[in-house]
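> Provided below for reference: sequence and predicted model.
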Amino acid sequence: MSYNKRIGWKDHVVQRPRTYTEATNSDGSKTFTPAPGTVIQQGTAQSATNFNTMDEALQHISIAYDMLMTIHQAEVRDAQKRIETLEAQVATLTS
């Protein structure tokens, strides 16, 4: 299965990052409102669709890894059995 890049993530870039306007409320508290200025580049939306796509890809990778490790372990066990058989044959021939 080949990797299918579906999301081209982009940073949200603004003229004045982390800049706010301050307003004093009637009770003395302050309200801060974002004042980023001009949006230079609209960032990729942080949405359930995008995050679910990543979750799905990670699940596929995890399943593929588990399958690969299972096959590898079976091959190692098979090789060990063959070595044991050959060692027994050698021991029979040399005794």
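Here it is on my side, so go on.

> show the low-confidence segments of this structure, by residue range.
Within the chain, the segments meeting pLDDT under 70 span 1-6.

> tell me which stretches of it form helices.
For the chain, applying DSSP state H gives helices covering 48-94.

> any idea which residue is closest to the centre of the protein?
For the chain, the residue nearest the mean C-alpha position is L58 (5.6 Å; C-alpha atoms, centre = their mean).

> just the terminal-to-terminal distance for stretch 39-50.
22 Å (C-alpha to C-alpha, to the nearest Å).

> flag every buried residue along it.
Within stretch 39-50, no residue counts as buried by 16 or more other C-beta atoms under 10 Å. Heads up, the C-betas are built off the backbone N, CA and C, glycines and all.

> what does it rub up against?
Outside stretch 39-50, the residues within contact range by C-beta atoms under 8 Å, 6 or more residues apart in numbering are 7-15.

> so can I have CSV of the residues you listed showing distance to G28 and neighbour count?
CSV is the format used below for those (distance: C-beta to C-beta, whole Å; neighbours: other C-beta atoms under 10 Å):
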residue, distance to G28, neighbour count
I7, 45, 14
G8, 46, 6
W9, 42, 10
K10, 40, 11
D11, 37, 10
H12, 33, 14
V13, 35, 13
V14, 30, 18
Q15, 31, 11
